[in-house]
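> Need coordinates for the following:
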Amino acid sequence: MTEQSTSSATEDVAPEVTLEATPAKERVDKEESVEFLKEMQEKAGQISETEMEEENLVNEFFNSLLKILKPFSKTLEISVSSLPESYSEQISKAHLHLTGQLVLVYRNGKVEILNLADKENHDLLVEITGEIMAKLKSIIDSYKSEAEKRVKFLMPITRELQKVAKVFSEE
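The predicted model follows:
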């Protein structure tokens, strides 16, 4: 008896099947179809332009990164927490090479190299860009601080040496 009441309740809830995707009075005519095709072509062209711009920006991103970091180091350590969750659970270490390769070291010892300049990895690049910018700032701040310490140390010594040199050049 309970089976009968369960099945009738299910039948009452099931949606009615529609055989036509577009009601008869809203069917698309030939002119509208041509307009849809024109819109699709225009949007396809816009997609192509956007993808070309994205490719150029990614290439310029890594060219600039290479120029900035070349004097400092060969790789940037990327914190695992900045990676998407699908990676962060499996990865023990991540390093970004200046040319755009992300080296992932898995917990099981496996190593994977992803080229972030490849289109299929652009989303991952976007995910870790904040981490990259923070590392760049830290590296540049540290370098600036070290350079300022050297200048501060050398300035009085150089002035004194100039005074001594002036004494010897007057003779």
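
> This structure: strands as residue ranges?
All strands of the chain, identified by DSSP state E, fall at 75-78, 91-97, 101-106, 111-115.

> buried ones in the first one?
For strand 75-78, the buried set under the neighbour-count rule, 16 or more other CB atoms under 10 Å, comprises 76, 78. Quick note: C-beta positions are derived from backbone N, CA and C, even for glycine.

> now swap in the last one and tell me
The neighbour-count criterion (16+ other CB under 10 Å) identifies residue 114 as the buried residues of strand 111-115.

> next one: the longest one
By neighbour count on 16+ other CB under 10 Å, the buried set for strand 91-97 is 91, 94, 96, 97.

> so what does the top helix by length along the chain touch, helix or strand wise?
The residue-count maximum for a helix in the chain (DSSP state H) belongs to helix 122-169. Secondary-structure packing of helix 122-169 (3 or more CB pairs under 8 Å, 6 or more residues apart in numbering; DSSP states H and E): helix 30-69, strand 75-78.

> between the first one and strand 111-115, how big is the angle?
Taking axes from the mean of the first three to the mean of the last three CA atoms, to 10 degrees, helix 30-69 and strand 111-115 form an angle of 120 degrees between their directions.

> returning to that earlier point: of the buried residues of strand 91-97, which is the nearest to residue 42?
Proximity of the buried residues of strand 91-97 to residue 42 was ranked by CB to CB; the top entry is residue 96 with 37.3 Å.

> Next up, the contacts around the nearest residue to that closest one once chain neighbours are set aside.
Leaving out its chain neighbours, the residue that sits closest to residue 96 by CB to CB, 6 or more residues apart in numbering is residue 76, at 4.5 Å. Listed by CB atoms under 8 Å, 6 or more residues apart in numbering, the contact set of residue 76 reads 69, 95, 96, 98, 132, 135, 136.
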